[in-house]
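> Quick check, what structure comes out for this input:
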Amino acid sequence: MTAKKLYLRSFGCQMNDYDSARIVDLMREKCGYERLDAPEQADLVVIVTCSIREKAQEKTFSDLGRIREIKKERPDMMIAVGGCVASQEGKNILRRAPWVDVVFGPQTLHRLPALLEKRLQTGRSQVDVTFPEIEKFDHLPAPRCEGATAFVSVMEGCSKYCSYCVVPYTRGEEISRPLMDVLVECAQLAAQGVKEITLLGQNVNAYQGKGVDGKEVGFALLLEYVSEIAGIERIRYTTSHPKEFSDRLIAAYGKLPKLANHVHLPVQSGSDTILTAMKRGYTHDWYLDRIAKLRAVRPDICIATDFIVGFPGETQEDFDETMRLIEEVGFDASFSFVYSKRPGTPAADLPDDTPQEVKLKRLQHLQAVIEANANKIANAMLGQVERCLVFDHARRGEGMLSARTDNNRVVNFVGDASLIGQMVDVRITEVFPHSLGGELVQKEG
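Here you go, the predicted model:
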(Lines give C-alpha, C1' and ligand atoms only; values in the text may rest on other atoms or scores of the structure.)
Protein backbone atom coordinates (compact mmCIF):
# COMPACT_ATOMS: atom_id res chain seq x y z
CA MET A 1 0.00 0.00 0.00
CA THR A 2 1.39 3.41 -0.97
CA ALA A 3 1.95 5.73 1.97
CA LYS A 4 0.01 8.97 2.08
CA LYS A 5 2.02 12.10 1.43
CA LEU A 6 2.33 15.12 3.73
CA TYR A 7 3.59 18.55 2.71
CA LEU A 8 4.25 20.87 5.64
CA ARG A 9 5.30 24.52 5.43
CA SER A 10 6.29 26.37 8.58
CA PHE A 11 6.87 30.06 9.24
CA GLY A 12 8.26 32.02 12.14
CA CYS A 13 9.87 31.11 15.41
CA GLN A 14 11.67 28.05 16.73
CA MET A 15 8.53 27.07 18.62
CA ASN A 16 6.87 26.64 15.23
CA ASP A 17 9.86 24.59 14.05
CA TYR A 18 9.41 22.34 17.07
CA ASP A 19 5.64 22.08 16.60
CA SER A 20 6.12 21.28 12.91
CA ALA A 21 8.55 18.48 13.65
CA ARG A 22 6.09 17.00 16.14
CA ILE A 23 3.26 17.22 13.58
CA VAL A 24 5.41 15.21 11.17
CA ASP A 25 6.08 12.61 13.91
CA LEU A 26 2.38 12.52 14.82
CA MET A 27 1.08 12.11 11.28
CA ARG A 28 3.68 9.45 10.52
CA GLU A 29 2.88 7.35 13.56
CA LYS A 30 -0.88 7.84 13.78
CA CYS A 31 -1.82 8.06 10.11
CA GLY A 32 1.07 6.66 8.08
CA TYR A 33 2.03 9.87 6.28
CA GLU A 34 5.44 10.38 4.71
CA ARG A 35 6.74 13.92 4.27
CA LEU A 36 7.60 15.33 0.85
CA ASP A 37 9.18 18.60 -0.23
CA ALA A 38 6.54 19.99 -2.62
CA PRO A 39 2.74 20.26 -2.37
CA GLU A 40 1.80 19.10 -5.88
CA GLN A 41 1.58 15.39 -4.95
CA ALA A 42 0.47 15.81 -1.35
CA ASP A 43 -2.57 14.14 0.19
CA LEU A 44 -2.36 16.55 3.12
CA VAL A 45 -0.97 20.10 3.19
CA VAL A 46 -0.27 21.64 6.60
CA ILE A 47 0.65 25.30 6.93
CA VAL A 48 2.01 26.34 10.34
CA THR A 49 1.58 30.12 10.53
CA CYS A 50 3.25 32.89 12.49
CA SER A 51 1.55 36.11 13.57
CA ILE A 52 4.84 37.88 14.29
CA ARG A 53 5.36 38.33 10.56
CA GLU A 54 4.21 41.69 9.20
CA LYS A 55 0.84 41.38 7.47
CA ALA A 56 0.84 37.75 8.59
CA GLN A 57 -2.86 37.19 7.98
CA GLU A 58 -2.74 38.40 4.39
CA LYS A 59 0.35 36.34 3.65
CA THR A 60 -1.42 33.28 5.04
CA PHE A 61 -4.43 33.78 2.77
CA SER A 62 -2.10 34.37 -0.17
CA ASP A 63 -0.44 31.00 0.52
CA LEU A 64 -3.82 29.35 0.79
CA GLY A 65 -4.81 30.79 -2.57
CA ARG A 66 -1.84 29.08 -4.20
CA ILE A 67 -2.65 25.78 -2.48
CA ARG A 68 -6.26 26.10 -3.69
CA GLU A 69 -5.06 25.91 -7.30
CA ILE A 70 -3.33 22.61 -6.54
CA LYS A 71 -6.43 21.29 -4.80
CA LYS A 72 -8.46 21.93 -7.94
CA GLU A 73 -6.31 19.27 -9.60
CA ARG A 74 -6.36 17.02 -6.50
CA PRO A 75 -9.88 17.44 -5.00
CA ASP A 76 -9.26 14.78 -2.33
CA MET A 77 -6.27 16.68 -0.94
CA MET A 78 -6.81 17.96 2.62
CA ILE A 79 -5.61 21.37 3.80
CA ALA A 80 -4.93 22.18 7.46
CA VAL A 81 -3.87 25.54 8.90
CA GLY A 82 -2.19 25.75 12.30
CA GLY A 83 -0.05 28.13 14.32
CA CYS A 84 -0.68 31.59 15.68
CA VAL A 85 -2.60 33.07 12.74
CA ALA A 86 -4.95 30.08 12.97
CA SER A 87 -5.38 30.81 16.67
CA GLN A 88 -6.13 34.48 15.96
CA GLU A 89 -8.41 34.03 12.99
CA GLY A 90 -10.23 30.78 13.88
CA LYS A 91 -13.43 30.38 11.85
CA ASN A 92 -12.61 33.50 9.88
CA ILE A 93 -10.11 31.39 7.92
CA LEU A 94 -13.00 29.24 6.69
CA ARG A 95 -15.03 32.30 5.75
CA ARG A 96 -12.21 33.66 3.61
CA ALA A 97 -10.81 30.31 2.47
CA PRO A 98 -13.68 27.76 2.52
CA TRP A 99 -11.47 25.16 0.79
CA VAL A 100 -9.55 24.72 4.06
CA ASP A 101 -10.49 21.48 5.84
CA VAL A 102 -9.05 21.95 9.34
CA VAL A 103 -7.97 24.91 11.47
CA PHE A 104 -6.04 24.09 14.65
CA GLY A 105 -4.09 26.09 17.23
CA PRO A 106 -0.64 25.65 18.77
CA GLN A 107 -2.16 23.82 21.75
CA THR A 108 -4.37 21.47 19.70
CA LEU A 109 -1.95 20.15 17.09
CA HIS A 110 -2.17 16.71 18.70
CA ARG A 111 -5.85 16.61 17.72
CA LEU A 112 -5.08 16.97 14.01
CA PRO A 113 -5.69 13.27 13.11
CA ALA A 114 -9.09 13.32 14.85
CA LEU A 115 -10.02 16.65 13.23
CA LEU A 116 -9.17 15.30 9.78
CA GLU A 117 -11.20 12.16 10.44
CA LYS A 118 -14.18 14.20 11.60
CA ARG A 119 -13.90 16.34 8.47
CA LEU A 120 -14.20 13.19 6.35
CA GLN A 121 -17.09 11.79 8.40
CA THR A 122 -19.19 14.96 8.55
CA GLY A 123 -18.24 16.68 5.31
CA ARG A 124 -17.76 19.89 7.31
CA SER A 125 -14.54 21.79 7.95
CA GLN A 126 -13.29 21.60 11.53
CA VAL A 127 -11.93 24.32 13.83
CA ASP A 128 -10.25 23.79 17.21
CA VAL A 129 -8.16 26.69 18.50
CA THR A 130 -8.82 26.15 22.20
CA PHE A 131 -6.18 26.26 24.94
CA PRO A 132 -6.17 22.90 26.73
CA GLU A 133 -3.41 23.28 29.28
CA ILE A 134 -0.41 21.10 28.43
CA GLU A 135 -2.45 18.21 27.06
CA LYS A 136 -0.78 18.02 23.67
CA PHE A 137 2.51 16.64 25.03
CA ASP A 138 0.66 13.64 26.51
CA HIS A 139 -0.64 12.70 23.06
CA LEU A 140 2.46 13.12 20.93
CA PRO A 141 4.70 10.18 19.96
CA ALA A 142 8.29 9.91 21.12
CA PRO A 143 10.47 12.41 19.23
CA ARG A 144 12.54 11.29 16.27
CA CYS A 145 15.72 13.10 15.29
CA GLU A 146 18.32 12.34 12.65
CA GLY A 147 20.81 15.11 13.43
CA ALA A 148 22.99 16.08 16.37
CA THR A 149 20.81 19.03 17.44
CA ALA A 150 17.21 19.14 18.59
CA PHE A 151 14.59 21.44 20.08
CA VAL A 152 12.65 20.55 23.23
CA SER A 153 9.66 22.66 24.25
CA VAL A 154 9.57 23.05 28.04
CA MET A 155 6.68 25.49 28.36
CA GLU A 156 3.97 27.16 26.32
CA GLY A 157 2.50 30.65 26.22
CA CYS A 158 3.42 33.90 27.91
CA SER A 159 1.87 35.90 30.76
CA LYS A 160 3.85 39.12 30.34
CA TYR A 161 1.33 40.90 28.05
CA CYS A 162 3.82 43.31 26.49
CA SER A 163 1.76 45.99 24.80
CA TYR A 164 2.93 45.14 21.26
CA CYS A 165 2.79 41.34 21.42
CA VAL A 166 0.09 38.88 20.32
CA VAL A 167 1.62 35.75 21.88
CA PRO A 168 -0.56 35.65 25.05
CA TYR A 169 -3.64 35.84 22.81
CA THR A 170 -2.51 33.20 20.30
CA ARG A 171 -0.66 30.71 22.51
CA GLY A 172 -2.25 31.36 25.89
CA GLU A 173 -0.69 32.03 29.26
CA GLU A 174 2.43 30.37 30.63
CA ILE A 175 2.10 26.65 31.28
CA SER A 176 5.15 24.53 32.08
CA ARG A 177 5.64 20.85 31.31
CA PRO A 178 6.39 18.53 34.25
CA LEU A 179 10.10 18.14 34.93
CA MET A 180 10.24 14.42 34.20
CA ASP A 181 8.45 14.83 30.86
CA VAL A 182 11.14 17.25 29.72
CA LEU A 183 13.99 15.09 30.99
CA VAL A 184 12.59 11.94 29.35
CA GLU A 185 12.31 13.71 26.00
CA CYS A 186 15.88 15.00 26.31
CA ALA A 187 17.12 11.50 27.21
CA GLN A 188 15.26 9.99 24.24
CA LEU A 189 16.94 12.46 21.92
CA ALA A 190 20.36 11.84 23.47
CA ALA A 191 19.88 8.11 22.83
CA GLN A 192 19.41 8.96 19.13
CA GLY A 193 22.75 10.78 18.99
CA VAL A 194 21.64 14.32 19.79
CA LYS A 195 24.47 16.25 21.43
CA GLU A 196 23.01 19.76 21.56
CA ILE A 197 19.61 20.52 23.05
CA THR A 198 17.83 23.87 22.69
CA LEU A 199 15.12 24.33 25.31
CA LEU A 200 12.20 26.34 23.98
CA GLY A 201 9.48 28.56 25.34
CA GLN A 202 7.91 31.91 24.54
CA ASN A 203 9.33 32.96 27.90
CA VAL A 204 11.51 29.96 28.59
CA ASN A 205 13.25 31.14 31.75
CA ALA A 206 9.85 31.57 33.45
CA TYR A 207 9.67 27.74 33.53
CA GLN A 208 8.03 26.38 36.69
CA GLY A 209 7.41 22.68 36.14
CA LYS A 210 6.30 20.18 38.74
CA GLY A 211 8.95 17.82 40.04
CA VAL A 212 8.33 14.21 41.09
CA ASP A 213 7.48 15.44 44.59
CA GLY A 214 4.86 17.84 43.24
CA LYS A 215 6.92 20.92 44.06
CA GLU A 216 7.72 23.47 41.36
CA VAL A 217 11.14 23.39 39.74
CA GLY A 218 12.58 26.60 38.29
CA PHE A 219 14.48 27.01 35.04
CA ALA A 220 17.96 27.11 36.58
CA LEU A 221 17.38 23.75 38.27
CA LEU A 222 15.98 22.32 35.04
CA LEU A 223 19.24 23.28 33.33
CA GLU A 224 21.17 21.44 36.03
CA TYR A 225 19.14 18.26 35.48
CA VAL A 226 19.48 18.40 31.68
CA SER A 227 23.21 18.91 32.10
CA GLU A 228 23.40 15.55 33.88
CA ILE A 229 21.97 13.60 30.93
CA ALA A 230 24.62 11.39 29.34
CA GLY A 231 25.34 12.27 25.72
CA ILE A 232 24.14 15.88 25.94
CA GLU A 233 27.24 18.03 25.51
CA ARG A 234 25.77 21.48 24.97
CA ILE A 235 22.60 23.26 26.13
CA ARG A 236 21.01 26.36 24.62
CA TYR A 237 17.65 27.99 25.25
CA THR A 238 15.38 30.62 23.74
CA THR A 239 13.60 32.97 24.16
CA SER A 240 14.22 34.46 27.58
CA HIS A 241 12.82 37.54 29.32
CA PRO A 242 15.06 39.89 31.32
CA LYS A 243 12.61 39.96 34.25
CA GLU A 244 13.02 36.20 34.65
CA PHE A 245 16.81 36.27 34.30
CA SER A 246 17.33 35.43 37.94
CA ASP A 247 20.49 35.39 40.05
CA ARG A 248 20.21 31.60 40.21
CA LEU A 249 20.09 31.39 36.41
CA ILE A 250 23.13 33.65 36.20
CA ALA A 251 24.93 31.45 38.73
CA ALA A 252 24.29 28.43 36.49
CA TYR A 253 26.71 29.91 33.96
CA GLY A 254 29.43 29.63 36.59
CA LYS A 255 28.91 25.94 37.31
CA LEU A 256 27.44 24.33 34.16
CA PRO A 257 30.12 24.04 31.46
CA LYS A 258 27.57 22.49 29.08
CA LEU A 259 25.59 25.73 29.07
CA ALA A 260 26.49 27.49 25.82
CA ASN A 261 28.62 30.62 25.97
CA HIS A 262 25.86 32.57 24.27
CA VAL A 263 22.53 33.94 25.45
CA HIS A 264 19.62 35.58 23.66
CA LEU A 265 18.13 38.17 26.02
CA PRO A 266 15.66 40.48 24.22
CA VAL A 267 15.70 44.05 25.51
CA GLN A 268 13.57 45.75 22.77
CA SER A 269 14.63 49.32 23.69
CA GLY A 270 17.14 51.20 25.80
CA SER A 271 14.72 53.99 26.73
CA ASP A 272 12.92 53.75 30.06
CA THR A 273 10.02 55.72 28.59
CA ILE A 274 9.58 53.26 25.73
CA LEU A 275 10.15 50.22 27.95
CA THR A 276 7.31 51.47 30.16
CA ALA A 277 5.04 51.96 27.15
CA MET A 278 5.94 48.45 26.00
CA LYS A 279 5.10 47.11 29.50
CA ARG A 280 8.42 45.28 29.68
CA GLY A 281 8.74 45.63 33.45
CA TYR A 282 12.39 46.68 33.73
CA THR A 283 14.64 49.66 33.06
CA HIS A 284 17.80 50.39 31.07
CA ASP A 285 19.95 50.19 34.21
CA TRP A 286 18.24 47.05 35.48
CA TYR A 287 19.06 45.29 32.22
CA LEU A 288 22.68 46.45 32.47
CA ASP A 289 22.87 45.05 36.00
CA ARG A 290 21.80 41.61 34.71
CA ILE A 291 24.51 41.73 32.05
CA ALA A 292 27.17 42.82 34.53
CA LYS A 293 26.34 39.95 36.88
CA LEU A 294 26.37 37.49 33.98
CA ARG A 295 29.76 38.66 32.77
CA ALA A 296 31.13 38.39 36.29
CA VAL A 297 30.77 34.60 35.97
CA ARG A 298 31.23 34.32 32.15
CA PRO A 299 33.43 37.26 31.08
CA ASP A 300 33.54 36.28 27.40
CA ILE A 301 29.88 35.36 26.93
CA CYS A 302 28.26 36.59 23.71
CA ILE A 303 24.89 38.30 24.06
CA ALA A 304 22.23 38.54 21.36
CA THR A 305 19.05 40.55 21.72
CA ASP A 306 15.94 41.94 19.99
CA PHE A 307 15.09 45.55 19.21
CA ILE A 308 11.88 47.22 18.08
CA VAL A 309 12.75 50.52 16.42
CA GLY A 310 10.16 53.26 15.98
CA PHE A 311 7.73 52.13 18.68
CA PRO A 312 4.86 54.66 18.96
CA GLY A 313 6.12 57.79 20.67
CA GLU A 314 9.82 57.01 20.27
CA THR A 315 11.76 60.28 20.10
CA GLN A 316 15.33 60.84 18.95
CA GLU A 317 16.30 61.00 22.64
CA ASP A 318 14.69 57.60 23.23
CA PHE A 319 16.58 56.14 20.30
CA ASP A 320 19.82 57.67 21.60
CA GLU A 321 19.25 55.78 24.86
CA THR A 322 18.94 52.56 22.86
CA MET A 323 22.24 53.28 21.12
CA ARG A 324 23.85 54.00 24.48
CA LEU A 325 22.71 50.61 25.73
CA ILE A 326 24.17 48.95 22.63
CA GLU A 327 27.52 50.60 23.31
CA GLU A 328 27.45 49.63 26.99
CA VAL A 329 26.55 45.97 26.41
CA GLY A 330 28.45 45.27 23.19
CA PHE A 331 25.83 42.95 21.68
CA ASP A 332 26.98 40.18 19.38
CA ALA A 333 23.81 40.02 17.27
CA SER A 334 20.25 41.28 17.19
CA PHE A 335 16.90 40.58 15.61
CA SER A 336 15.81 44.15 14.95
CA PHE A 337 12.76 45.46 13.14
CA VAL A 338 10.75 48.61 12.61
CA TYR A 339 7.61 48.48 14.74
CA SER A 340 4.46 47.28 13.00
CA LYS A 341 0.99 47.15 14.52
CA ARG A 342 -0.46 43.84 15.63
CA PRO A 343 -4.28 43.86 15.66
CA GLY A 344 -5.76 43.43 19.11
CA THR A 345 -2.72 44.60 21.05
CA PRO A 346 -2.79 47.74 23.24
CA ALA A 347 0.06 49.35 21.29
CA ALA A 348 -1.98 49.21 18.08
CA ASP A 349 -4.06 52.13 19.38
CA LEU A 350 -1.14 54.35 20.39
CA PRO A 351 -0.54 57.53 18.35
CA ASP A 352 2.45 57.24 16.05
CA ASP A 353 3.67 60.33 14.21
CA THR A 354 7.29 59.38 13.48
CA PRO A 355 7.85 59.22 9.70
CA GLN A 356 8.66 55.79 8.31
CA GLU A 357 11.84 57.04 6.68
CA VAL A 358 13.11 58.22 10.09
CA LYS A 359 12.39 54.78 11.57
CA LEU A 360 14.22 53.05 8.73
CA LYS A 361 17.22 55.32 9.11
CA ARG A 362 17.37 54.54 12.83
CA LEU A 363 17.11 50.83 12.15
CA GLN A 364 19.93 50.90 9.61
CA HIS A 365 22.17 52.79 12.03
CA LEU A 366 21.41 50.36 14.87
CA GLN A 367 22.08 47.31 12.72
CA ALA A 368 25.34 48.75 11.39
CA VAL A 369 26.67 49.40 14.90
CA ILE A 370 25.79 45.91 16.12
CA GLU A 371 27.25 44.30 13.00
CA ALA A 372 30.50 46.20 13.52
CA ASN A 373 30.69 44.93 17.09
CA ALA A 374 29.93 41.38 15.93
CA ASN A 375 32.83 41.64 13.48
CA LYS A 376 35.07 42.87 16.28
CA ILE A 377 34.17 39.83 18.40
CA ALA A 378 34.73 37.50 15.44
CA ASN A 379 38.15 38.97 14.70
CA ALA A 380 39.13 38.47 18.34
CA MET A 381 38.53 34.75 17.80
CA LEU A 382 41.30 34.48 15.18
CA GLY A 383 43.86 31.92 16.26
CA GLN A 384 41.68 30.57 19.05
CA VAL A 385 40.70 26.90 19.28
CA GLU A 386 36.95 26.51 19.56
CA ARG A 387 34.96 23.47 20.61
CA CYS A 388 32.44 22.99 17.80
CA LEU A 389 29.54 20.71 16.92
CA VAL A 390 29.73 19.58 13.29
CA PHE A 391 26.20 19.70 11.87
CA ASP A 392 26.47 19.24 8.08
CA HIS A 393 28.43 19.53 4.87
CA ALA A 394 29.29 23.14 4.06
CA ARG A 395 27.18 24.76 1.37
CA ARG A 396 30.28 25.50 -0.65
CA GLY A 397 33.65 23.84 -1.08
CA GLU A 398 34.58 20.23 -1.77
CA GLY A 399 35.24 18.31 1.45
CA MET A 400 34.16 21.21 3.64
CA LEU A 401 32.10 20.77 6.80
CA SER A 402 30.06 23.26 8.82
CA ALA A 403 30.13 23.41 12.60
CA ARG A 404 28.82 25.74 15.29
CA THR A 405 30.96 27.27 17.99
CA ASP A 406 29.98 27.56 21.61
CA ASN A 407 29.20 31.26 21.05
CA ASN A 408 26.85 30.42 18.15
CA ARG A 409 29.00 31.12 15.10
CA VAL A 410 29.21 28.92 12.01
CA VAL A 411 32.72 27.84 11.09
CA ASN A 412 33.61 25.97 7.89
CA PHE A 413 36.65 23.71 7.63
CA VAL A 414 38.03 20.74 5.70
CA GLY A 415 37.10 17.43 7.32
CA ASP A 416 35.83 13.92 6.78
CA ALA A 417 32.06 13.39 6.62
CA SER A 418 32.33 10.95 9.53
CA LEU A 419 32.75 13.99 11.80
CA ILE A 420 29.16 15.14 11.18
CA GLY A 421 27.32 14.91 14.48
CA GLN A 422 30.54 15.01 16.50
CA MET A 423 32.17 17.60 18.75
CA VAL A 424 35.58 18.67 17.44
CA ASP A 425 38.24 21.29 18.09
CA VAL A 426 38.70 23.87 15.33
CA ARG A 427 41.27 26.65 15.14
CA ILE A 428 39.79 29.85 13.69
CA THR A 429 41.85 31.04 10.72
CA GLU A 430 39.56 33.40 8.78
CA VAL A 431 36.70 35.80 9.42
CA PHE A 432 33.96 36.35 6.84
CA PRO A 433 30.87 38.61 7.03
CA HIS A 434 28.55 35.84 8.29
CA SER A 435 30.81 32.89 9.08
CA LEU A 436 34.30 31.82 10.08
CA GLY A 437 36.94 29.68 8.43
CA GLY A 438 38.99 27.21 10.38
CA GLU A 439 41.17 24.12 10.48
CA LEU A 440 40.60 20.91 12.37
CA VAL A 441 42.87 20.47 15.39
CA GLN A 442 44.08 16.88 15.40
CA LYS A 443 44.37 15.27 18.80
CA GLU A 444 47.76 13.83 19.66
CA GLY A 445 48.01 10.09 19.93
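> C-alpha from now on. contacts and neighbour counts both.
Noted.
> Name the residues of the longest helix along the chain that are buried.
Longest helix in the chain, counting residues (DSSP state H): helix 356-380. Across helix 356-380, burial judged by 16 or more other C-alpha atoms under 10 Å covers 359, 362-363, 366-367, 370-375, 377-379.
> The closest residue to residue 284 other than its chain neighbours: what's it in contact with?
Distance criterion C-alpha to C-alpha, 6 or more residues apart in numbering; nearest residue to residue 284, sequence neighbours excluded, is residue 270 at 5.4 Å. Counting by C-alpha atoms under 8 Å, 6 or more residues apart in numbering, residue 270 touches 283, 284, 318, 319, 321, 322, 323, 324, 325.
> Determine the three-state secondary structure at residue 270.
coil (DSSP: H, G, I helix; E, B strand; the rest coil).
> cool, and residue 287?
From three-state DSSP, the assignment for residue 287 is helix.
> which ones are touching it?
So residue 287 contacts 242, 267 (C-alpha under 8 Å, 6+ apart).
> any idea how far residue 347 is from it?
22 Å (C-alpha to C-alpha, to the nearest Å).
> One more: residue 117?
Residue 117 is 40 Å from residue 347, by C-alpha to C-alpha.
> Out of these two, name the residue with the larger neighbour count.
residue 347 (21 against 12; other C-alpha atoms under 10 Å).
> That one and residue 274 touch, don't they?
No - the pair residue 347 / residue 274 is not scored as a contact, 11.2 Å apart, by C-alpha atoms under 8 Å.
> helix/strand/coil for residue 313?
coil.
> which residues sit in contact with it?
Counted by C-alpha under 8 Å, 6+ apart, residue 313 has contacts 274, 351, 352, 353, 354.
> Tell me the most packed of those, by neighbour count.
residue 274 (22 neighbours).
> Distance check, the residue lying closest to that one once chain neighbours are set aside against residue 341.
Nearest residue to residue 274 in three dimensions, chain neighbours excluded: residue 314, at 6.6 Å (C-alpha to C-alpha, 6+ apart). Counting by C-alpha to C-alpha, the separation of residue 314 from residue 341 is 14 Å.
> ranges for the helices of the stretch 1-150 of the chain?
14-31, 56-73, 83-89, 92-96, 112-122 (DSSP state H, counting those that start in this stretch).
> Distance to residue 160 and mean pLDDT added to the ones you listed, as TSV?
What follows is the helices of the stretch 1-150 of the chain, written out as TSV (distance: least, C-alpha to C-alpha, whole Å; pLDDT from 0 to 100):
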stretch	distance to residue 160	mean pLDDT
helix 14-31	17	89
helix 56-73	22	86
helix 83-89	17	86
helix 92-96	27	91
helix 112-122	29	95
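> Residue 237: which of the ones you listed is closest?
helix 14-31 (10.4 Å; C-alpha to C-alpha).
> which other residues reach that closest one?
So helix 14-31 is contacted by 8, 10-11, 33-35, 48-50, 83, 106, 109-110, 113, 140-141, 143-144, 151-153, 200-202 (C-alpha under 8 Å, 6+ apart).
> Just the ones of the residues you listed in strands?
Using DSSP state E, 8, 10, 33, 34, 35, 48, 49, 151, 152, 153, 200 are the members of the contacts of helix 14-31 that sit in strands.
> contacting residues for the nearest residue to the fourth one once chain neighbours are set aside?
It stands for residue 34. Using C-alpha to C-alpha, 6+ apart and skipping residues adjacent in sequence, the residue nearest residue 34 is residue 5, 5.0 Å away. Residue 5 is in contact with 33, 34, 35, 36, 41, 42, 43, 44, counting by C-alpha under 8 Å, 6+ apart.
> Who is the closest residue in space to the fourth one that isn't next to it in sequence paired with across the strands?
If you skip the residues right next to it in sequence, residue 36 has residue 7 as its closest partner in space, 5.5 Å away by C-alpha to C-alpha, 6+ apart. For residue 7, the residues forming beta bridges with it (DSSP bridges) are residue 45.
> Many thanks, we can stop here.
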